[in-house]
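1. How does the following fold in three dimensions:
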Amino acid sequence: MAQIIKVIIPAYNEEASIGKVVAEIPEIVQEVIVVSNNSTDDTKKNARAAGATVLSEKRKGYGYACLKGMDYIAKQDPKPNIIVFLDGDYSDYPEELTKIVTPIIERDVDLVIGTRLKELREKGSMTGPQIFGNWLATSLMKLFFGARFTDLGPFRAIKYEKLLALQMEDKTYGWTVEMQLKALKKNLTYTEVPVNYKNRIGTSKVSGTVKGAIFAGVKILGWILKYSFK
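-> Below you'll find the model as predicted:
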């Protein structure tokens, strides 16, 4: 049976990159949903021109945007089999989506994380705080839960029914780690697929600022500590 695959892309002021991201998503995807997270530039216009469904979420926050996309999909029939999350900054290679969904389609894996290995990263594509934060978060998940995760990469795919079962709630930067922690708690099957990673177009709203990096770090550690003592 053919898989119905939908992509959710949170985007805040990504007018220079969003069209490239949407255009390079493989044709196996039935719908690309760009959620403009209170953008003030031409993100919505450019996403729509590239063929995406465009939604608006005025509340700022990565999680808010992802949840908006999920609310939209919940009203559809038939429902998708697989949801892919992808950033709108063009740091990932959208064409690698086929690699991300393959373990779900061929091996019935529940969750797949695109892991940004050092040898596949363009120089400067991840900041020092990002690299350290990923290492710390995944090390703590290994310590507390025996997890095999090596990255919190935003390029990921998950079975739609499993995503709903996680009851995602984080509204900001803790979205990725919340998903992985809840997947561990619910004993979902998971794997990682190495992906290439390049310097984003524009400036990061999280790792590009000291405030953003600190806030993201606090959110990530907060989720890990919350689940470690449950």
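
2. residues contacting residue 72?
-> The contact partners of residue 72, taken as CB atoms under 8 Å, 6 or more residues apart in numbering, are 33, 53, 55. Every C-beta, even on glycine, is put in place using the N, C-alpha and C of the backbone.

3. Do I have it right that residue 115 meets residue 153?
-> Yes: assessed by CB atoms under 8 Å, residue 115 is found in contact with residue 153 at 5.6 Å.

4. could the contacts of residue 72 be laid out in a markdown table, adding distance to residue 102?
-> As requested, the contacts of residue 72 are exported to a markdown table (distance: CB to CB, whole Å):
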| residue | distance to residue 102 |
| --- | --- |
| 33 | 21 |
| 53 | 24 |
| 55 | 28 |
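
5. Overlap in contacts, residue 115 and residue 153.
-> residue 195.

6. so how far is residue 154 from the spatially closest residue to residue 48 that is not a sequence neighbour?
-> The shortest distance from residue 48 to any non-neighbouring residue, by CB to CB, 6 or more residues apart in numbering, is to residue 54 (4.9 Å). Distance from residue 54 to residue 154, counting by CB to CB, to the nearest Å: 19 Å.

7. helix/strand/coil for the residue nearest the centre of the chain?
-> For the chain, residue 154 is the residue whose C-alpha lies nearest the centre (CA atoms, centre = their mean; 3.1 Å). Following DSSP: H, G, I helix; E, B strand; the rest coil, the label given to residue 154 is coil.

8. Identify the residues contacting it.
-> Applying CB under 8 Å, 6+ apart, we find residue 154 in contact with 85-87, 92, 114, 176.

9. and with 6 Å instead?
-> By CB atoms under 6 Å, 6 or more residues apart in numbering, the residues touching residue 154 are 87, 176.

10. Phi, psi for it please.
-> Main-chain torsions, residue 154, degrees, to the nearest 10: phi -70, psi -20.

11. Helices of the protein, residue ranges please.
-> Taking DSSP state H as the criterion, the chain contains helices spanning 18-23, 43-49, 62-74, 97-107, 128-145, 160-166, 175-185, 210-228.

12. so who does the residue nearest to residue 48 touch?
-> Applying CB under 6 Å, 6+ apart to residue 54 gives the contacts 34, 44, 47-48.

13. Among the contacts of residue 72, which one lies nearest to residue 163?
-> Using CB to CB, residue 33 is the member of these that sits closest to residue 163, with 13.7 Å.

14. that older thread, just put the helices of the chain in JSON lines and tack on mean pLDDT and distance to residue 200.
-> Shown next, in JSON lines, are the helices of the chain (pLDDT from 0 to 100; distance: least, CB to CB, whole Å):
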{"stretch": "helix 18-23", "mean pLDDT": "98", "distance to residue 200": "11"}
{"stretch": "helix 43-49", "mean pLDDT": "98", "distance to residue 200": "14"}
{"stretch": "helix 62-74", "mean pLDDT": "97", "distance to residue 200": "14"}
{"stretch": "helix 97-107", "mean pLDDT": "98", "distance to residue 200": "18"}
{"stretch": "helix 128-145", "mean pLDDT": "87", "distance to residue 200": "11"}
{"stretch": "helix 160-166", "mean pLDDT": "98", "distance to residue 200": "25"}
{"stretch": "helix 175-185", "mean pLDDT": "94", "distance to residue 200": "16"}
{"stretch": "helix 210-228", "mean pLDDT": "68", "distance to residue 200": "13"}
